[in-house]
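Enquirer: Using only what follows, build the 3D model:
(one chain, ligands or ions: 1)
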Amino acid sequence: LINSRKLDHLKTCIEEDVEAGDAGFGSVRLPHKALPELDYSSIQTDTKLFKKKLNFPLIIESMTGGTGEAESINKALATVAHEYGLGMGVGSQRAGVEDGSLAHTYQVRDVAPDILLIANLGAVQLNHNYTHKECEKAIDMIQADALALHVNPLQEVIQPEGDTDFSSLVSRINSVRKRVSKPVIFKGVGEGITLDTASKLDVDGFDVGGMGGTSWSLVEGYREGGLAREVGMTFAGWGVPTVECVRQLRGLKKTLIASGGVRSGLDAVKAVALGADAVGVALPLLRVFDRGGVSGLRDYVGRFITEFKVAMFLTGSKDIRALKGLVE
Ligand SMILES: Cc1cc2nc3c(=O)[nH]c(=O)nc-3n(C[C@H](O)[C@H](O)[C@H](O)COP(=O)(O)O)c2cc1C
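Expert: Predicted coordinates:
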């Protein structure tokens, strides 16, 4: 059941118009320097996240696992992450935790031995008998450097078979973090995270998953049809724009990943200038892979990095550190 749902999600995300809202990058203006006082060829984009070096501050966001198709997608994404020195998350590992024979569909260390790799589980599973043990199992399964616990209350209420008991999760997340061996990231999936929630959590980082990109309300609505689709449409633009999430969370001094509607290297520079440590992209990579395979992924990432460096050049920023705080 989990597997066929995951496959439907991939198909829906590729075929339907599942994006909604405005992440807010259009209203952020970077300060232009008529004289960058910088040699373009000397620009450095490397950074560190959870003690791992990235050549470029982009995380391929958590998307898939659990099926044969998922396995080839994960391997392709990891191949490109390895080539460009990016980070990567795998899709929710619940299917693999419950059925060990599916573990290989998430495993990518053979093609990406030392990338920053992020395990993934739904936080709501902590209300369904999951403890730090299942979390550790997800980490071990893929030899991850960190664990993301995602929250998708909107998606779960729209799914007829969804897990809708979101009570007591603050304390459960905080206690898992004390007992697992790797850093814990609290992750949104498209509705965003605000300061009031983030400040209750004793985690190591946040991946905002803000509004303005993939809408799980639309994905679930398209998949289910009928009433779910109507409710899904109503809540399509629900949530907090990615830019607003970054502004709210940057003061916490925790690792901060900006995701949700990041669609160019220019958006990415804006996110870092606002205070994010890295950005995450999901949907465009899935679509590019579907159309053009690994070489499509390479072209996409290459374009993204060029745009990022052009914006660094025009703002006179020689490295990632120089970008921080460039805009309010
Ligand atoms: C096909 C697909 C599957 C996803 N599956 C997961 C998942 O299993 N776990 C998770 O935390 N987020 C999942 N996400 C959410 C993404 O990781 C990301 O936070 C979100 O899509 C916003 O980024 P985007 O606008 O670039 O797509 C998925 C997204 C897509 C497009």
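
Enquirer: What about Arg177? Give its phi and psi, please.
Expert: Backbone torsions of Arg177, given as degrees, to the nearest 10, read phi -60, psi -30.

Enquirer: That one: how many residues sit nearby?
Expert: Arg177 has 21 neighbouring residues, counting by other CB atoms under 10 Å. Every C-beta, even on glycine, is put in place using the N, C-alpha and C of the backbone.

Enquirer: Begin at 26 from now on, thanks
Expert: Sure, I'll start counting at 26 from here, so that last one is Arg202.

Enquirer: Would you mind confirming that it makes contact with Asp229?
Expert: Yes - Arg202 lies in contact with Asp229 (CB atoms under 8 Å); the separation is 7.3 Å.

Enquirer: element containing Arg346, please.
Expert: Counting by DSSP states H and E, the element that carries Arg346 is helix 345-348.

Enquirer: Likewise for Leu172?
Expert: Taking DSSP H and E as the criterion, Leu172 maps to strand 171-175.

Enquirer: Could you list the paired strands of that strand along with their orientation?
Expert: strand 142-147 (parallel), strand 209-212 (parallel) (DSSP bridges).

Enquirer: returning to that earlier point: shared neighbours, Arg202 and Asp229?
Expert: Jointly contacting Arg202 and Asp229 under the rule CB atoms under 8 Å, 6 or more residues apart in numbering are Val209.

Enquirer: still on that earlier bit, so which of the strands paired with strand 171-175 is nearest Val335?
Expert: strand 142-147 (28.1 Å; CB to CB).

Enquirer: The closest one and the ligand in contact?
Expert: Yes - if you take CB under 6 Å from any ligand atom as the test, strand 142-147 does meet the ligand, through Asn145.

Enquirer: on that earlier part again, return the list of helices and strands in contact with the helix holding Arg346.
Expert: helix 290-299 (3 or more CB pairs under 8 Å, 6 or more residues apart in numbering; DSSP states H and E).

Enquirer: who touches Asp227 in this structure?
Expert: Neighbouring residues of Asp227 by CB under 8 Å, 6+ apart: Asn199, Arg202, Lys203.

Enquirer: Can you name the residues that contact the residue in the chain that the ligand sits nearest to?
Expert: Closest residue of the chain to the ligand, CB to the nearest ligand atom: Gly238 (1.9 Å). Neighbouring residues of Gly238 by CB under 8 Å, 6+ apart: Glu44, Ala48, Gly215, Thr267, Ser284, Gly285, Gly286, Val287, Arg288, Ala307, Leu308.

Enquirer: how many other residues sit next to the nearest residue to Thr130 once chain neighbours are set aside?
Expert: Distance criterion CB to CB, 6 or more residues apart in numbering; nearest residue to Thr130, sequence neighbours excluded, is Glu96 at 4.0 Å. Using other CB under 10 Å, the number of residues around Glu96 comes to 18.

Enquirer: Rounded mean pLDDT for the helix or strand containing Glu96, please.
Expert: Element membership of Glu96 [criterion: DSSP H and E] is helix 93-109. Averaged over helix 93-109, pLDDT sits at 97.

Enquirer: What helices and strands are in contact with it?
Expert: Using 3+ CB pairs under 8 Å, 6+ apart, helix 93-109 sits against helix 27-40, strand 83-85, strand 112-114, helix 308-339.

Enquirer: So what touches the third one?
Expert: Where contact means CB under 8 Å, 6+ apart, the residues beyond strand 112-114 that reach it are 74, 77, 79, 83-88, 102-103, 106, 133, 137, 140-145, 173, 303, 305.

Enquirer: Just the buried ones from these?
Expert: The neighbour-count test (16 or more other CB atoms under 10 Å) marks 74, 79, 83-88, 102-103, 106, 133, 137, 140-145, 173, 303, 305 as buried among the contacts of strand 112-114.

Enquirer: For the stretch 26-175 of the chain, what lies in contact range of the ligand?
Expert: Within reach of the ligand by CB under 6 Å from any ligand atom, the stretch 26-175 of the chain has these residues: His34, Leu35, Cys38, Glu86, Ser87, Met88, Thr89, Gly116, Ser117, Asn145, Ala173, His175.

Enquirer: Now do the nearest residue to Met166 once chain neighbours are set aside, the pLDDT please.
Expert: Residue nearest to Met166 in three dimensions, not counting chain neighbours: Ala128, with 5.0 Å by CB to CB, 6+ apart. pLDDT, Ala128: 98.
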